[in-house]
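1. following is a predicted model, sequence given first.
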Amino acid sequence: METQQAIYGRRSIRRYTAEPVPRDTVEAILAATIRAPSAKNAQPWRFVVLEGDPARQLADIMQQTADDLSARGDDIGSLSWTAAVVRQAPVTILVYEAAPPEEIPLHAHEDYHFVMLQSVGGAIQTMLLAAHDHGLGSLWICDVLYCTEPISARFGRAGDRLVAAVSLGHPAESPGPRPRRSWQELTRWLSGEPEIRR
């Protein structure tokens, strides 16, 4: 698939068929994902691939958290709905940011996190485009951040920070493009010439 096709054709998919995703396809997507750029080539991304019962356990954790928060009167946003998406998707990949290396002093950890988080975000976008190139749908999920502690206790990597999850599967829907503001509306372009205001 051409790069422009992948960028313009990718969609967030929330309904999947029951068709399994072959392991070698997931491996190929991960192989592409780690080609993303990273600050200082730190490659701070870490992945936990969940299929079958582990994926259902993730959905259970998300739904239980939604139930608990709702019972307290807290806003759960789209957490319960996203738990249903995770339950349906054949594969969900937890994406972590690796703990800072020992040579990074404690007082610099938040600045380091801010930089590395950008790298992890780039890896997630690369994962979505690679999935689309393989004919799969995907969903970038941040609702897992409602329940980072139980998720990481069950599946996590000690000391690493949960950033997001990505569900993968064969699409059972074909949504059209979502509205986008024009780049001209969002961009200020400066050059040696007098600025032209639109």
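-> All right, it came through fine.
2. so residue 17 touches residue 168, yeah?
-> No. Between residue 17 and residue 168 there is no contact under CB atoms under 8 Å: 11.9 Å. In short, each C-beta sits where N, CA and C put it, glycine included.
3. who's more crowded, the two?
-> residue 168 (26 against 13; other CB atoms under 10 Å).
4. ok, now which ones touch that one?
-> Going by CB atoms under 8 Å, 6 or more residues apart in numbering, residue 168 touches 21, 26, 29, 89, 90, 91, 92, 93, 131, 136, 137, 138.
5. for these, which PyMOL command selects only the ones that are buried?
-> Of the contacts of residue 168, the buried ones can be selected in PyMOL as follows, counting by 16 or more other CB atoms under 10 Å:
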select buried, resi 21+26+29+89+90+91+92+93+131+136+137+138
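6. nearest residue to residue 97 other than its sequence neighbours?
-> Distance criterion CB to CB, 6 or more residues apart in numbering; nearest residue to residue 97, sequence neighbours excluded, is residue 161 at 4.6 Å.
7. do you know how far that neighbour is from residue 45?
-> 11 Å (CB to CB, to the nearest Å).
8. can you check residue 125 too?
-> 12 Å.
9. of these two, who's got more company?
-> Legend: neighbour count by other CB under 10 Å for residue 125 and residue 45, higher for residue 45 (25 against 15).
10. wait, isn't the more buried one in contact with residue 96?
-> Yes. Residue 45 is in contact with residue 96 according to CB under 8 Å; the separation is 7.2 Å.
11. ok so, going back, so of the contacts of residue 168, which ones are in helices?
-> 26, 29, 131 (DSSP state H).
12. report the central residue of this structure.
-> residue 140 (3.8 Å; CA atoms, centre = their mean).
13. my guess is that residue contacts residue 13. True?
-> No. Using CB under 8 Å, residue 140 makes no contact with residue 13, being 10.5 Å away.
14. helices along the chain, start to end?
-> 3-9, 23-33, 52-71, 79-88, 109-133, 148-155, 183-186.
15. distance to residue 39 added to the ones you listed, as TSV?
-> Formatted as TSV, the helices of the chain follow (distance: least, CB to CB, whole Å):
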stretch	distance to residue 39
helix 3-9	23
helix 23-33	16
helix 52-71	29
helix 79-88	29
helix 109-133	5
helix 148-155	23
helix 183-186	24
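16. what's the closest of these to residue 103?
-> helix 109-133 (10.5 Å; CB to CB).
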